[in-house]
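Trainee: Need a 3D model of the sequence below.
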Amino acid sequence: YAVHPWADVVLAEPEHDADAMSPAGQLWSTPHDLARWAAFLCGDTGGVLCPSTLAEMREPAGVDDGDTWTGGFGLGLQLSRTGGRRLAGHSGSMPGFLATVWADAAEGVGVLFMANTTTGLTGRLLTDLLDILDEHEPRLPDEWRPVPADPHLLALTGLWHWGPKPYTLRLLPERGLSLEPVSGPGRASRFVPQPDGTWLGLDGYYAGETLRVAADHLDLNTFIFTREPYDPAAPVPGGVTDWHA
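Mentor: Presented below is the predicted three-dimensional model:
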């Protein structure tokens, strides 16, 4: 239906077939199917898609409002950032029909609506539903479980320094690494292992950069990290000698 903008009356929309343009939006679905799609976007892919590929799809490739971005697009997905959440999904419409799906992968929740109307409902309906879910059914944290750790990787974890600035290197599941400042904002990234023994930056400041592990330092595309601040025994640029009063 089309709902009158200034009165509580409706008009039946004529049936419409988009013919050649039907792949651009003429997809008929059900609430159950869309809920399954929301679960897929949260990571329940059933092996159809690699989790890292799905994560890449959810990264912003273009935003609508600059540095503050509240809306934009990933790879085939609409993105929204609101109330501390990062949502991925898509809206859809045909004359007389309206639908939207949002998924919050960090929290593992999704929300959707389907309506027999041409216009009138917005994404605010779905964010309100997420707020209600937070209030009445807060998500319990996942039960902590230890994971097997390679002793050589475990030895890499802990405190490292870029010059005088302290960073922590943490071991992630699936042999991943996370490098981030001890406190405050700064250059942080996750890394995934490569067949040649190096590590590739997955996101953040060092996305796409190569991390190499040496006996006494980390070489992150010429950024040298040492166990001690400006360790004179490591190849720190600048001819550093020793600390003095």
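Trainee: separation between E135 and P173?
Mentor: Separation of E135 from P173 (CB to CB, to the nearest Å) stands at 31 Å. In short, each C-beta sits where N, CA and C put it, glycine included.
Trainee: longest strand anywhere in the protein?
Mentor: Determined from DSSP state E, the single longest strand within the chain is strand 85-94.
Trainee: per-residue confidence averaged over stretch 211-225?
Mentor: The pLDDT scores in stretch 211-225 average 91.
Trainee: With stretch 236-245 instead?
Mentor: If you average the pLDDT values across stretch 236-245, you get 72.
Trainee: Over to it now: how far is its first residue from its last?
Mentor: Between the opening and closing residues of stretch 236-245 lies a distance of 21 Å (CA to CA, to the nearest Å).
Trainee: What are the contacting residues of the longest strand of the chain?
Mentor: Contacts with strand 85-94, where a contact means CB atoms under 8 Å, 6 or more residues apart in numbering, come from 16, 18, 25-27, 38, 41, 57-58, 74, 77-81, 98-107, 110, 118-119, 123, 127, 130.
Trainee: Now the buried members of those residues.
Mentor: The neighbour-count test (16 or more other CB atoms under 10 Å) applied to the contacts of strand 85-94 identifies 38, 41, 57-58, 74, 77-81, 98-105, 107, 110, 118, 123, 127, 130 as buried.
Trainee: Break the protein into its domains for me.
Mentor: The chain is divided into the following domains under the TED database: 2-15+26-136, 151-226.
Trainee: what's the distance between the helix or strand containing L179 and the middle of its chain?
Mentor: Using DSSP states H and E, L179 maps to strand 176-181. The gap between the average C-alpha position of strand 176-181 and the chain average comes to 16 Å, counting by CA atoms, centre = their mean, to the nearest Å.
Trainee: Helix or strand next in line after it, which one?
Mentor: Using DSSP H and E, the helix or strand that follows strand 176-181 towards the C-terminus is strand 189-193.
Trainee: That next one: partners in the sheet, and parallel or antiparallel?
Mentor: The pairing partners recorded for strand 189-193 under DSSP bridges are strand 176-181 (antiparallel), strand 199-201 (antiparallel).
Trainee: re earlier: in helices, which of the contacts of strand 85-94 fall?
Mentor: Assigned to helices by DSSP state H, the following of those qualify: A38, L41, M57, T127, L130.
Trainee: right, and the last one touches V111 too?
Mentor: Put plainly, it is L130. Yes. Between L130 and V111 a contact is recorded at 5.6 Å, counting by CB atoms under 8 Å.
Trainee: Residues in contact with both of these two, list them for me.
Mentor: W102.
Trainee: Wait, S52 touches R190, no?
Mentor: No. Taking contact to mean CB under 8 Å, the distance of 10.4 Å between S52 and R190 leaves them out of contact.
Trainee: Fine, thanks again, bye for now.
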